[in-house]
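In: okay, predicted coordinates and the sequence, questions at the end:
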Amino acid sequence: MTPEQMAAPALPLHPQDEMECRRCGVHCDKVVHPGACLARGCPFVYSYEAWGHTYVGCMQKVYEVEIDLDMLRAAEARKPGFGAIRAVRRPLPMCKAEVERTYESRLDEELGCINPEFDELPVGVPTFRVFARL
């Protein structure tokens, strides 16, 4: 292996905008809860009927799948609910979104997360402000 291949990949300019992070042994993904879309009355939820069932999805394609509405409601009526779906686009401010980790035992206790800004879920505004004093 060459030294270039062994080096960790460079951090992106806006890590908050990425949907997955594989820069360490802990693999992180941004996920959204489609059950919350219905509960919150999201204006981007669409539905259609086919094969005797009603399916729902996201017009903004925050998640790609289309879900059987009856199965979604049945799962949401029980604990722990329907659960989360991997986001493929940046979650909208009204989305119930979070970061899901796998292999959390691989986290280096001394170093911690090498990409901590990935956990910052975008809410439509910058996460910091810059003030210039003259």
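Out: Sure, I can see it. Numbering: from 1, shown residues only.

In: for E76, helix, strand, or coil?
Out: Secondary structure, DSSP: H, G, I helix; E, B strand; the rest coil: E76 is helix.

In: what is the burial count for it?
Out: E76 sits with 18 neighbouring residues when counted by other Cβ atoms under 10 Å. Where C-beta positions appear, they are placed from N, C-alpha and C, glycine not excepted.

In: these two touch, right, it and P34?
Out: No: counting by Cβ atoms under 8 Å, E76 stays clear of P34, with 9.2 Å between them.

In: give me the common contacts of those two.
Out: F82 (Cβ atoms under 8 Å, 6 or more residues apart in numbering).

In: got the buried residues for stretch 48-62?
Out: Residues 55-58, 62 are the ones in stretch 48-62 that count as buried (16 or more other Cβ atoms under 10 Å).

In: make JSON lines out of the residues you listed and add pLDDT.
Out: Rendered in JSON lines, the data for these read as follows (pLDDT from 0 to 100):
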{"residue": "Y55", "pLDDT": "93"}
{"residue": "V56", "pLDDT": "92"}
{"residue": "G57", "pLDDT": "91"}
{"residue": "C58", "pLDDT": "92"}
{"residue": "V62", "pLDDT": "89"}
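
In: can you redo these as CSV with secondary structure?
Out: Converted to CSV, the buried residues of stretch 48-62 look like this (three-state DSSP):
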residue, secondary structure
Y55, strand
V56, strand
G57, strand
C58, strand
V62, coil
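
In: what's the most distant pair in the residues you listed?
Out: Y55 and V62 (16.1 Å; Cβ to Cβ).

In: quick one: least confident helix or strand in the chain?
Out: helix 3-6 (a mean of 55; mean pLDDT, DSSP states H and E).

In: helices of the protein, start to end?
Out: For the chain, helices defined by DSSP state H occupy the ranges 3-6, 34-39, 69-77.

In: ok, now which ones touch M19?
Out: 29-30, 86-90.

In: same thing with A75?
Out: 35, 81-83.

In: ok, the residues you listed vs S47, which is closest?
Out: The closest of the contacts of A75 to S47 turns out to be G35 (Cβ to Cβ; 14.3 Å).
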